[in-house]
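Colleague: return a 3D structure for these sequence lines:
(3 chains)
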Amino acid sequence: MKTRFALVDCNNFYASCERVFDPRLIGRPLAILSNNDGCVIARSEEVKRLGVPMGAPAHEHKATFEKNAVVVMSSNYALYGDMSARVMETLRPCVPTMEVYSIDEAFLALEDWQGVEFARELRARVRQWTGIPVSIGIGPTKTLAKMANRLAKKTLELGGVLDLETVRDMDELLSRVPCEDIWGIGKRLAVRLAAGGIRTACDLKHGEAAWVRKTLGVVGERIRLELQGVSCLTLEEVPAPKKGIASAKSFGRPVESLRELEEALATYAARAAEKLRAGRLLARQVHVFVATNPFSARQPQYSAGAQTALVRPSNHTPDLIAAALELLREIYRPGHQYKKTGIFVTDLIAESDLQPDLFDAAPEAAGRVRELDQIVDGLNRKLGRNAIRYGSMGVKSRWAMRQERRSRKFTTRWDELPVAKA
DNA sequence: TCTGGGGTCCTAGGACCC
DNA sequence: TCTGGGGTCCTAGGACCC
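Modeller: Residues are numbered from 1 along each chain as shown, chains lettered A, B, ... in the order given. Have a look, this model is predicted:
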């Protein structure tokens, strides 16, 4: 039995989520912005056709947006995360195994009989159950399934589905795919390949093994084999345990005072602690960084980081805040216009793997600490993020990111449910 | 004026050990 | 006066992904 992979990818995912809950957006050009309303991170087809590239700074395209009546929205991750879960749960029972690859993509392992017909039905089912349109690419390796998916999305006549088994001349097809469109090859590697005369997926597939290995390392060699149909990347059904958890954000406006940096960093540290607890993990290392705005050429630049080990692995909010603020005071230099700060916790272990320590607080005290965290998490889930917070996180948050046009949390908060009028 | 956030994997080089 | 080589672990930096 030969293995075949399908890649299911939601079309313009964030834009599609918004359209499910506001049908007036259907057919209108729609752009979704990153945190801080900074970059364009999702575009409806209409916006793609206007030539606004992925990741473009929003302010550079303001005129295009105005001229074409583009609806511009802030991103709403609570909504997208929940819609993603619905899509994944729709797919899961239809195949023997699957890997959730990102918020809007899943690799499926297919049985022999599952081909174009199956993919069409699956596509219709996801559309009907969740409102989200998807494209499906099928191939003998993950890299080829990914490529099939891109082509399915781009070629309207295919109806959103392409199985490479139905393609007669693979080399002809591969010769129309430039290297930088191959999964795993970015701009830099494409330049290196071009220096050796390799410009298309077909060139790479037939490239000389030793040269590819030397130029791109094992990563490139794997891709070359995958293009030949030799599967090197397996389906990761169970997600690998996390190695680190980050929480970092740019400010809505520049920040100079230590006091405000501390508030922001304490807020991110609390968020990191919350994520640790959600995954039943403890961190041993805490890294902190600050940076000025790298795009601001006229201002003096400063960026710095520092790290420390916690006395005992922890996911308790005050522990992380204390460690983070101490590091911040080490690296803070007055007189700079800071744009960003963040925390990164690493060296993670499962709560259940913690070795008891001779000097640990009495068990009942540790239990109370855990209970306090659980109460805070519970209230914040119910009342909204940071409804209950530590004093060091501040109240006014003048540094908070901009999010001027966010839709409601239609599916995850009772008080933001959509209202239907009959 | 305005340029995201959260991850992964690989490699090279240094420290250290035997 | 002579002064190895192989293995492992760690870290920083680069490249990629969505």
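
Colleague: in stretch A:166-185, what counts as buried?
Modeller: By 16 or more other CB atoms under 10 Å, the buried positions in stretch A:166-185 come out as A:170, A:173-174, A:177, A:179, A:181-183, A:185. Any C-beta I mention is one placed from the backbone N, CA and C, and that applies to glycine too.

Colleague: now stretch A:298-317
Modeller: A:306, A:310, A:313-317.

Colleague: put the alpha carbons of that stretch into CSV.
Modeller: Taking Å, rounded to 0.1, in the frame of the first residue of the first chain, the C-alpha atoms of stretch A:298-317 are listed here in CSV:
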residue,chain,number,x,y,z
ARG,A,298,16.5,58.7,12.8
GLN,A,299,16.3,57.4,16.4
PRO,A,300,19.2,55.7,18.1
GLN,A,301,18.7,52.0,18.1
TYR,A,302,18.9,49.8,21.2
SER,A,303,18.0,46.2,21.7
ALA,A,304,19.1,43.8,24.4
GLY,A,305,18.1,40.6,26.1
ALA,A,306,18.9,38.7,29.2
GLN,A,307,18.0,35.4,30.7
THR,A,308,17.9,33.6,34.1
ALA,A,309,17.1,30.3,35.6
LEU,A,310,14.3,30.0,38.0
VAL,A,311,15.1,28.6,41.4
ARG,A,312,12.4,26.1,40.9
PRO,A,313,10.5,25.3,37.7
SER,A,314,7.3,27.3,37.8
ASN,A,315,4.1,28.4,36.0
HIS,A,316,3.0,30.6,38.9
THR,A,317,2.3,34.2,37.6
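
Colleague: so is that stretch next to DNA strand B?
Modeller: No. Using CB under 7 Å from any atom of the strand, stretch A:298-317 never reaches DNA strand B; the gap is at least 9.3 Å.

Colleague: how far does that stretch sit from the chain's center?
Modeller: Between the centre of stretch A:298-317 and the centre of its chain there are 23 Å (CA atoms, centre = their mean, to the nearest Å).

Colleague: what's the answer for stretch A:183-194, then?
Modeller: 22 Å.

Colleague: what residues does the stretch 51-200 of chain A have near DNA strand B?
Modeller: Counting by CB under 7 Å from any atom of the strand, the stretch 51-200 of chain A sits next to DNA strand B at A:55, A:57, A:59, A:62.

Colleague: can you rerun that using 10 Å?
Modeller: A:54-60, A:62, A:75, A:77, A:102-103 (CB under 10 Å from any atom of the strand).

Colleague: which strand or helix spans the spatially closest residue to residue A:53 that is not a sequence neighbour?
Modeller: Sequence neighbours aside, residue A:40 is the residue nearest to residue A:53 in space, at 7.7 Å (criterion: CB to CB, 6 or more residues apart in numbering). Assigned by DSSP states H and E, residue A:40 belongs to strand A:40-43.

Colleague: now render the buried residues of stretch A:166-185 as a markdown table, adding secondary structure.
Modeller: Output for the buried residues of stretch A:166-185, formatted as a markdown table (DSSP: H, G, I helix; E, B strand; the rest coil):
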| residue | secondary structure |
| --- | --- |
| A:170 | helix |
| A:173 | helix |
| A:174 | helix |
| A:177 | coil |
| A:179 | helix |
| A:181 | helix |
| A:182 | coil |
| A:183 | coil |
| A:185 | coil |
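
Colleague: and the residues you listed near DNA strand C, which?
Modeller: Answer for those near DNA strand C (CB under 10 Å from any atom of the strand): A:179, A:181-183, A:185.

Colleague: closest one to DNA strand B out of those residues, please.
Modeller: Proximity of these to DNA strand B, judged by CB to the nearest atom of the strand, is greatest for residue A:183, which lies at 12.0 Å.
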